[in-house]
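**Student:** Sequence unavailable; structure follows:
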């Protein structure tokens, strides 16, 4: 709280004394507000990045203090976004700092009601085994007239908007090479 209030601390007198006649500057600024410091001023370093949410590729400045992201803002040097971010991009700091962020692989067995932690290598092996088996089981080499198909209808891909352009490019190449034809991305829908 500010110091004891007196007649001389009356806002109208502060406005006249400071020359802030419209009451939009120092006359109406509290001591607490004057003492505030932006999180960006205490950052150890600033890292340039690209927003992870969609295919636009807006530039971001990521402010890091003690190896923790403390703020993310639009990068004014970005020719794409010129310092602006959409609501998702503006909130992307929460993507890395949210207390609800999952940091380990969870697996729910068939008919189970609870999730259990699973090590990453086991999870990747399970996914690869299921992918290969589904492709083998649903492979269509030719149609009923003998025309070549070389596809599978048992595998589809729906990419998320948090994937960047490079990840989406590689996913498209992988699934196309595997014979999948149902390949889509949520950012485009």
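**Tutor:** Right, received. Where do you want to start? Please read these numbers as outputs of a predicted model, since none were measured by experiment.

**Student:** Would you mark the buried spots in whichever strand in the chain runs longest?
**Tutor:** Using DSSP state E to define each element, the chain has its longest strand at strand 148-159. By 16 or more other Cβ atoms under 10 Å, the buried positions in strand 148-159 come out as 151-152, 154-155, 157, 159. Every C-beta, even on glycine, is put in place using the N, C-alpha and C of the backbone.

**Student:** can you check stretch 14-32 too?
**Tutor:** 14-15, 20, 27.

**Student:** That one: end-to-end distance?
**Tutor:** 17 Å (Cα to Cα, to the nearest Å).

**Student:** just stretch 37-47 next, same as before
**Tutor:** End to end - Cα to Cα - stretch 37-47 spans 20 Å.

**Student:** Also stretch 99-112?
**Tutor:** For stretch 99-112, the first-to-last residue distance is 25 Å (Cα to Cα).

**Student:** From the rest of the structure, what touches that stretch?
**Tutor:** 95, 114-120, 123, 126 (Cβ atoms under 8 Å, 6 or more residues apart in numbering).

**Student:** Sheet-wise, list the partners of the helix or strand where residue 60 lies with their directions.
**Tutor:** Element membership of residue 60, judged by DSSP states H and E, is strand 59-65. According to DSSP bridges, strand 59-65 forms sheet pairs with strand 45-50 (antiparallel), strand 68-74 (antiparallel).

**Student:** Would you confirm that residue 159 contacts residue 170?
**Tutor:** No: using Cβ atoms under 8 Å, residue 159 makes no contact with residue 170, being 10.4 Å away.

**Student:** Determine the longest helix present in the chain.
**Tutor:** helix 120-138 (DSSP state H).

**Student:** same for that one, what does it pack against?
**Tutor:** Judged by 3 or more Cβ pairs under 8 Å, 6 or more residues apart in numbering; DSSP states H and E, helix 120-138 is in contact with strand 105-107, strand 148-159.
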